[in-house]
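Participant: Compute the structure for the input listed below.
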Amino acid sequence: MTKLNQILLTVAVAGTFTLASSASAQYRTVSDDGIAASPKVRMVLNEQKRNTAVIPPSTAVAGYRAVGADGIAASPKLRQQLDERNVPITVAPVK
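Facilitator: Numbers count the residues shown, from 1 in each chain. As a prediction, the model looks like this:
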């Protein structure tokens, strides 16, 4: 090999390694949450993640709860009526 060919080969190999190592700087479709998404959807997912508040398990959540202590899902008006009645529900034993 001539001196010029060795230099060109060295530059080509160095360029290949440079391109291969810079490929990791590209957009990652899969984030830390394991969901593959486009850049637009990833932006929405990240925004939702920032907007969700972490509520400690010992605190009560203010507002309407559809399912009461009796396990029945009801509207606020019906939930109020059910709470006023406060009739215990009994299930017949299985024989």
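Participant: Please, where are all the helices along this protein?
Facilitator: Per DSSP state H, the chain carries helices over the ranges 3-22, 39-51, 76-85.
Participant: Quick check: buried residues in the last one?
Facilitator: Of the residues in helix 76-85, those with enough neighbours to count as buried (16 or more other Cβ atoms under 10 Å) are Arg79. Using the backbone N, CA and C atoms, a C-beta is placed for each residue, glycine as well.
Participant: what are the C-alpha coordinates of it, in PDB please?
Facilitator: What follows is helix 76-85, C-alpha atoms only, in PDB (Å, rounded to 0.1, in the frame of the first residue of the first chain):
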ATOM      1  CA  PRO A  76     -73.800  11.700  43.100                       C
ATOM      2  CA  LYS A  77     -77.600  12.000  43.500                       C
ATOM      3  CA  LEU A  78     -78.100   8.300  43.800                       C
ATOM      4  CA  ARG A  79     -75.100   7.900  46.000                       C
ATOM      5  CA  GLN A  80     -76.700  10.400  48.400                       C
ATOM      6  CA  GLN A  81     -79.900   8.500  48.400                       C
ATOM      7  CA  LEU A  82     -78.100   5.200  49.000                       C
ATOM      8  CA  ASP A  83     -76.200   6.700  51.900                       C
ATOM      9  CA  GLU A  84     -79.400   8.100  53.400                       C
ATOM     10  CA  ARG A  85     -81.100   4.700  53.300                       C
END
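Participant: follow-up on the earlier one: could I get the helices of the chain as a markdown table with mean pLDDT and distance to Ala69?
Facilitator: Formatted as a markdown table, those follow (pLDDT from 0 to 100; distance: least, Cβ to Cβ, whole Å):
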| stretch | mean pLDDT | distance to Ala69 |
| --- | --- | --- |
| helix 3-22 | 76 | 59 |
| helix 39-51 | 83 | 30 |
| helix 76-85 | 83 | 9 |
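Participant: Report how many residues lie close to the closest residue to Leu45 other than its chain neighbours.
Facilitator: Spatially, and ignoring its direct neighbours in sequence, Leu45 is nearest to Ala37 (6.1 Å; Cβ to Cβ, 6 or more residues apart in numbering). Using other Cβ atoms under 10 Å, Ala37 has 15 neighbouring residues.
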